[in-house]
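Q: Return atomic coordinates for the entry below.
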Amino acid sequence: MTTLTSTFSALSDSTRFGIVEHLMDHGEALAGELVLGSGISGPAISRHLKILRDAGLVSARAVGTKRYYSVHSDGLRAIADWTSSRRAFWDSSLDRLEAAISLDEDTRK
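A: Numbers count the residues shown, from 1 in each chain. Here you go, the predicted structure:
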């Protein structure tokens, strides 16, 4: 659960969430490309990228002095797996609620 806690914590910041969304939509990008149009400084983007890397959501690939960032699919898969595992809980809960409402309606007739 610690991994998921750090994952959700990293994504709770709107800037970091936006970075992940950008990388998912546009693919691999240089840190400088993430700065353009964001209104955030290069050092601030670097700090956000470090948090995302530490949480396992983003990976970096070095080419010379440049760093290319991309979404790390294992980190996102962990979120999807957790969400799917909770779906059974909600489906079961909603089924019980539906049965209770149906029973209540039957007793009122």
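
Q: what helices or strands is the helix or strand harbouring residue 105 leaning on?
A: Here residue 105, judged by DSSP states H and E, is contained in helix 73-108. If you count contacts as 3 or more CB pairs under 8 Å, 6 or more residues apart in numbering; DSSP states H and E, helix 73-108 packs onto helix 2-11. Every residue, glycine included, has its C-beta placed from N, CA and C.

Q: Check whether residue 13 really touches residue 44, as I assumed.
A: No: contact criterion CB atoms under 8 Å: residue 13 and residue 44 do not qualify, at 11.1 Å.

Q: Show me the shaky parts of the chain.
A: Counting by pLDDT under 70, the low-confidence segments of the chain come to 1-2, 109.

Q: Regarding residue 60, what is its secondary structure?
A: In the three-state summary, residue 60 is assigned as strand, counting by DSSP: H, G, I helix; E, B strand; the rest coil.

Q: what's near enough to touch it?
A: Contacts for residue 60 (CB atoms under 8 Å, 6 or more residues apart in numbering) come out as 49, 53, 67, 68, 69.

Q: Surely the second one forms part of a strand?
A: I take that to be residue 53. No: per three-state DSSP, residue 53 lies outside any strand segment and is helix.

Q: Setting the sequence-adjacent residues aside, check what's closest to it.
A: The shortest distance from residue 53 to any non-neighbouring residue, by CB to CB, 6 or more residues apart in numbering, is to residue 60 (6.3 Å).

Q: partner residues bridging that neighbour?
A: Here residue 60 sits in beta bridges with residue 69, going by DSSP bridges.

Q: Report the separation between it and residue 75.
A: Using CB to CB, to the nearest Å, residue 60 is found at 13 Å from residue 75.

Q: Residue 108 now?
A: From residue 108 across to residue 75, the span is 50 Å (CB to CB).

Q: higher neighbour count, these two?
A: Neighbour count, other CB atoms under 10 Å: between residue 108 and residue 75, residue 75 has more, with 22 against 6.

Q: which residues sit in contact with the more buried one?
A: 7, 55, 56, 57, 58.
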